[in-house]
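Novice: Structure of the sequence below:
(4 chains)
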2 protein chains.
Amino acid sequence: MRGSSGTEGSRRATVTDVAKLAGVSTATVSRVLNRNYPVAGETRTRVEAAMEQLGYVVNAHARALAGASGRTVGIIVHDVVDPFYAYIARGVEQQAAQGDRLCLVCSTHGDPKRELAYIDLMHERRADAVIVVGGSVADRTYTSELARRARQLDEGGSKLVLCGRPSLGDRAPTASVEYDNEGGAFAITDHLLTQGHERILYLGGPPNLSTTRDRLAGHRRALELRGVTPDPRLEQPGAFSRAFGWRRLTELLKEKLEFTAVFAANDIVAAGALQALEEAGVRVPQDVSLVGYDDVPVAQELRPRLTTVHVPLEEMGRQAVRLAVPPGEDDDWREPMAGTLRLGTHIVVRDSVAPREQKRRRT
Amino acid sequence: MRGSSGTEGSRRATVTDVAKLAGVSTATVSRVLNRNYPVAGETRTRVEAAMEQLGYVVNAHARALAGASGRTVGIIVHDVVDPFYAYIARGVEQQAAQGDRLCLVCSTHGDPKRELAYIDLMHERRADAVIVVGGSVADRTYTSELARRARQLDEGGSKLVLCGRPSLGDRAPTASVEYDNEGGAFAITDHLLTQGHERILYLGGPPNLSTTRDRLAGHRRALELRGVTPDPRLEQPGAFSRAFGWRRLTELLKEKLEFTAVFAANDIVAAGALQALEEAGVRVPQDVSLVGYDDVPVAQELRPRLTTVHVPLEEMGRQAVRLAVPPGEDDDWREPMAGTLRLGTHIVVRDSVAPREQKRRRT
DNA sequence: ATGAAAGCGCTAACAT
DNA sequence: ATGTTAGCGCTTTCAT
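Specialist: Residues are numbered from 1 along each chain as shown, chains lettered A, B, ... in the order given. Below you'll find the model as predicted:
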């Protein structure tokens, strides 16, 4: 077998090779490639045969350099295996594919520096859009760096899209897809309140992340509205991980902190919390009620099935792409959609919440 | 704010602009960009200042066209939200990032035609490696199309990597990372057999997929070795979805099919099966034992916690990249690793299997 | 240490 | 309908 490792023999075929073999000009080859211009049927056949014979594969770099779009959208997440991000990524990918685009995907693992670096990398690739997903840290220099990139991208005709985080305001030309994070938190805390719970432990989520701040804000607003005085001990942010949920709650249980319900910052944290409760012999929901956030599939696998807030993850991903690139099949340049979008959330009631009255073991 | 939408005003800055502003040649700009060649400190500073001032962002397409690698690896999965693929993707991404590469990711949703089309798209992008993940269908023309692409890629100095599927043999120049699929299935069926189960229902997995065939093969081998006659009614492939697991098992239960254990084709199917069992009032593991495959996180959330086969997903992803591109930090061209790799699997015993003797409700 | 110039493979005017 | 040609933005000999 030939060419078993790159450096020898047959160079890749180019339009010139194809043109030569087919006895036409490179322009003609380009035309059959792009089906944009009339080409005689017989010529087309000849060119296609030549391509086939040469195993010709068009060079997207050359094409992009010559003026065409790179047909790429970039997406930057914390972690591709986290279902929150995975579902958004799925929406992005789906919508991108519909516009005949490929996705560049990368993970920052929560490091804002990496996020900025990846934006640059994607800009270098001339992505049509760069979508940064998930909460952002509240940090002056980070924010202004981000804004700077938004401007750079925009000047080059690309778009920075914020997905699931607050807009940068008019400080920068971005599109953004948000969801009613605060509202969802309000609603589910209210749900707990309605069931008679007042000592609600808020557990998990990086304290500096916009996501956490918004959820916490909704939580507090609900508390206030019912005249429940917030207890700082009951606010225990930390991380968005199962391990954190388990560990912190285990400690808290050991410390005999009093609460009748747990509001986990997301479903993953809830899974960890549930394990901690289970191990401590605390029954859910009879002894303690538990809710999560996001409504990712694991919520349905937990026992009891988790009451949580549904977030339209996949839809957010799709909209993020729509906001930045023309949705049509072909290359038509009808302007992309609006500049900012806010999707709704709603609570999904399952089996992890019970009225406070049923409890016996805790206050 | 300027340039709010592409088509107007300031074109993107190029090396030429930078060179002009810094009062040097484009060659010099290129040199400071790549840090490959000596450049006077003072010159470098001046060039960097110019870049900063112009908001210069190098064009990766031009760079790639001029001969550099595109620093991209492509990965093709069935679905990015399926944890089996997500974890492999994570490994790929991680290893790619280590080599300073970005990942192109796309989903076929199980359609081989799309898979082939995506390979082409990635080839057009001149990806250093194209990694196709997951089982493959047994289809003559598909296989030869795949082989053809492997050859094309190889001639161009890229590599097609098969991850989690059988190699194409010497029909084509590919690298491949497999895992002991058959062995894992053998082991877990044997585990069931050891507990006294003989009527084991194999549930789920597309029948035409290599993954299913291998798992089923291991399952049958274990059965044979113990002299258990296989009952065709007990082999119920179908799909790799929770919905399938639930639906099919619900039907089977209704038909009073007799079995004392269920071997779900993967953990997701197991989740569906567990729900069906639960709804039918069948206790797991007292009445029926249940096992899965893959050992993805949901296995630990199910109640009872699922006994399953661990597959080194992330590691597979990492190795897939190593096989195709030089692992080093920098561009050194020490040859990539071996051509084919087979990783081990092992069973993880949790709480979803009990000895047959304990049962009362079913034979 | 730096500059000049020749491409890399393709597309898009502009001719014919 | 098809051919000619001039770039796109960068890297890279080859000079100096």
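
Novice: use CA for all of it now, contacts and neighbours both
Specialist: Fine.

Novice: For A:A50, the count of nearby residues, please.
Specialist: As a burial measure, A:A50 scores 20 neighbours (other C-alpha atoms under 10 Å in any protein chain shown).

Novice: Next, it: phi, psi?
Specialist: Reported as degrees, to the nearest 10, the phi and psi values for A:A50 are phi -60, psi -40.

Novice: do you know how far it is from B:Q195?
Specialist: Applying C-alpha to C-alpha, to the nearest Å, one obtains 63 Å for the distance of A:A50 from B:Q195.

Novice: Over to A:D295?
Specialist: In this structure, A:D295 and B:Q195 are 37 Å apart, going by C-alpha to C-alpha.

Novice: out of these two, which sits in the more crowded spot?
Specialist: Between A:D295 and B:Q195, counting by other C-alpha under 10 Å, A:D295 is the more crowded of the two (24 against 15).

Novice: How about that one: what's its closest non-neighbour residue?
Specialist: Counting by C-alpha to C-alpha, 6 or more residues apart in numbering or on different chains, A:D295 lies nearest to A:H310, which is 4.7 Å off, once chain neighbours are set aside.

Novice: which residues sit in contact with the one you found?
Specialist: Contact criterion C-alpha atoms under 8 Å, 6 or more residues apart in numbering or on different chains gives A:Y293, A:D294, A:D295, A:V296, A:T345, A:H346, A:I347, A:V348 as the residues in contact with A:H310.

Novice: So which of the residues you listed sit within helices?
Specialist: Secondary-structure check on these using DSSP state H: no residue lies within helices.

Novice: Output those residues as a markdown table; include the columns distance to DNA strand C.
Specialist: What follows is the contacts of A:H310, written out as a markdown table (distance: C-alpha to the nearest atom of the strand, whole Å):
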| residue | distance to DNA strand C |
| --- | --- |
| A:Y293 | 46 |
| A:D294 | 43 |
| A:D295 | 44 |
| A:V296 | 42 |
| A:T345 | 42 |
| A:H346 | 46 |
| A:I347 | 49 |
| A:V348 | 49 |
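
Novice: Could you tell me which of those count as buried?
Specialist: In these, burial by neighbour count holds for A:Y293, A:D294, A:D295, A:V296, A:T345, A:H346, A:I347, A:V348, counting by 16 or more other C-alpha atoms under 10 Å in any protein chain shown.

Novice: helix or strand for A:G183, which one?
Specialist: Here A:G183, judged by DSSP states H and E, is contained in helix A:181-194.

Novice: What residues sit buried inside that helix?
Specialist: Applying a neighbour-count criterion of 16+ other C-alpha under 10 Å, one finds A:181-193 buried in helix A:181-194.

Novice: next one: stretch A:277-295
Specialist: Applying 16+ other C-alpha under 10 Å to stretch A:277-295 flags A:277, A:282-295 as buried.

Novice: Export the buried ones among the contacts of A:H310 as JSON lines, with columns for pLDDT.
Specialist: Output for the buried ones among the contacts of A:H310, formatted as JSON lines (pLDDT from 0 to 100):
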{"residue": "A:Y293", "pLDDT": "98"}
{"residue": "A:D294", "pLDDT": "98"}
{"residue": "A:D295", "pLDDT": "98"}
{"residue": "A:V296", "pLDDT": "98"}
{"residue": "A:T345", "pLDDT": "98"}
{"residue": "A:H346", "pLDDT": "98"}
{"residue": "A:I347", "pLDDT": "98"}
{"residue": "A:V348", "pLDDT": "98"}
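
Novice: where along chain A do the strands fall?
Specialist: Along chain A, counting by DSSP state E, strands occupy A:72-77, A:102-107, A:129-133, A:159-163, A:174-179, A:200-203, A:235-236, A:261-264, A:289-291, A:308-310, A:340-343, A:346-348.

Novice: what about whatever residue of the stretch 51-200 of chain A ends up closest to DNA strand D, how many residues close to it?
Specialist: Among the residues of the stretch 51-200 of chain A, A:A66 lies closest to DNA strand D, at 3.2 Å counting by C-alpha to the nearest atom of the strand. By the measure other C-alpha under 10 Å, the count of residues near A:A66 is 11.

Novice: same deal with A:C106?
Specialist: 28.

Novice: And the helices in the stretch 101-250 of chain A, which stretches?
Specialist: A:112-124, A:140-155, A:181-194, A:210-225, A:242-254 (DSSP state H, counting those that start in this stretch).

Novice: Deepest-packed of the strands of chain A, please.
Specialist: strand A:289-291 (a mean of 31; mean count of other C-alpha atoms under 10 Å in any protein chain shown).
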